[in-house]
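Enquirer: next comes the sequence, and after it the predicted model I'd like to discuss.
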Amino acid sequence: MKIISVDSFVLTVPLPKPMALQWQHHKLVVAEIATDEGIRGLGYSLVFGGGGAEAVQVYLDTRLKPVLLGEDPLLVERLWERMFRADMGIKKQGVAAYALSALDIGLWDITGKAAGLPLYKLWGAVSDRIPAYGSGGWSKYSERELVAEAQKYAALGCKYYKMKIHHSDPRENRKRVEAVRRALGEGVRMMVDVNQRLDVLANIRQAQALEDLDLAWYEEPVLADDIAACAEVAHAIKIPVATGENNYTRFEFRELIERRAARYLMPDVCRALGFSETLRIGHLAAAHQVAVAPHVVHELSLQVVGALSNGFLVEFIDWTPPDLFEEMPECKDGCFRVPERPGHGMALAKGAKERYRSG
């Protein structure tokens, strides 16, 4: 089997309210990989808020696509290494990582289809039913909007809910968390997300204001680049730290593990160099008894968590319109069934390319 073409494009997808208070749209950088045997692979990277999506597409087309043309798509590891090493002067972060991720996801989609298996079974399945946590709680939400969103996820059976804590006053963040906790009752545990906004001392102060609320985790306390600071926070507070959505390679995650900077790792398959590297990160974490809860794109992350013994949760952000994908996994009783279709199981809906294409 040989790769005969790689077609890329950008989809700009408007966001629903109240999430649109934070961003107007997200963008998908999509790669469709065609083979001479008629099997096609779909890969894509979700770019939150759309920033840099066009640059991702350019890097994919000009630097990585030539590496794949004419090659056997089933040699995924070989092609991953070639893409990773195509530009040794460019670290595989940001734009380059998003581009490589989309192509790796597409190659694995072809591999699963050729084998007639969903990827989680191809990789060695642990579970076909994955619990989810409802995620959102954006800083621009009113308290009423915050509670309504949390209750929506709870009504779907989610036993966990994550919200942002972005106010400069720790007492105000505490007030918002308490309001949601009262509304949800004892049946739902909560997480909070700092989104890299505080320094070490401010995080210690904020965490101390929340320590009695039995939070499942305290997420991304400091700049993702500063692993030493993340470790300092993790050692100083009583709430377990979660991080990793803005880390990319297994080497970064190795440092997070070695510094004991987090108890939950959150690689994003669209940033962490695709399925290939995300699986490596997951297995590395397993060797250190660290749990994995991938960041967003739950429709793809399900395949990874279904193949990891240390997989914990997938992040459920309900933003995709019904006309974007043919069939999105459905949350029932707080869990998703891993799609059983060969490959990763996702396909763009008819007309979605024409409806949302912007590049």
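Expert: Received it, and whenever you're ready, just let me know what you need. Predicted model, so just to flag it, every value in this text is computed and none were measured. Numbering: from 1, shown residues only.

Enquirer: element containing residue 228?
Expert: Counting by DSSP states H and E, the secondary-structure element that holds residue 228 is helix 227-236.

Enquirer: repeat for residue 130
Expert: Taking DSSP H and E as the criterion, residue 130 maps to strand 129-135.

Enquirer: outside of that strand, which residues touch it?
Expert: Defining contact as Cβ atoms under 8 Å, 6 or more residues apart in numbering, one finds that strand 129-135 is touched by 149-150, 152-154, 156, 158-162, 191, 293, 296, 298, 302, 305-306, 311-318, 331, 334-338. Every C-beta, even on glycine, is put in place using the N, C-alpha and C of the backbone.

Enquirer: give the buried residues for the helix or strand immediately after that strand in the chain.
Expert: Scanning forward in sequence from strand 129-135, with DSSP H and E defining helices and strands, the next element found is helix 143-155. In terms of neighbour count (16 or more other Cβ atoms under 10 Å), helix 143-155 has its buried residues at 145-147, 149-150, 153-154.

Enquirer: I'd like the residues you listed written out as TSV, with distance to residue 47 and pLDDT added.
Expert: Formatted as TSV, the entries for these read as follows, by distance: Cβ to Cβ, whole Å; pLDDT from 0 to 100:
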residue	distance to residue 47	pLDDT
145	25	95
146	25	96
147	29	97
149	23	97
150	26	97
153	24	98
154	29	98
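
Enquirer: got the contact list for the spatially most central residue of the chain?
Expert: Centroid-nearest residue in the chain: residue 295, 2.7 Å away (criterion: Cα atoms, centre = their mean). Residues counted as contacts of residue 295 (Cβ under 8 Å, 6+ apart) are 244-245, 266-268, 271, 301, 315.

Enquirer: will you turn those residues into JSON lines that also has distance to residue 117 and pLDDT?
Expert: JSON lines is the format used below for the contacts of residue 295 (distance: Cβ to Cβ, whole Å; pLDDT from 0 to 100):
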{"residue": "244", "distance to residue 117": "28", "pLDDT": "98"}
{"residue": "245", "distance to residue 117": "28", "pLDDT": "98"}
{"residue": "266", "distance to residue 117": "26", "pLDDT": "98"}
{"residue": "267", "distance to residue 117": "23", "pLDDT": "98"}
{"residue": "268", "distance to residue 117": "24", "pLDDT": "98"}
{"residue": "271", "distance to residue 117": "26", "pLDDT": "98"}
{"residue": "301", "distance to residue 117": "18", "pLDDT": "98"}
{"residue": "315", "distance to residue 117": "25", "pLDDT": "98"}
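
Enquirer: among these, name the ones in helices.
Expert: Taking DSSP state H as the definition of helices, the contacts of residue 295 contribute residue 301.
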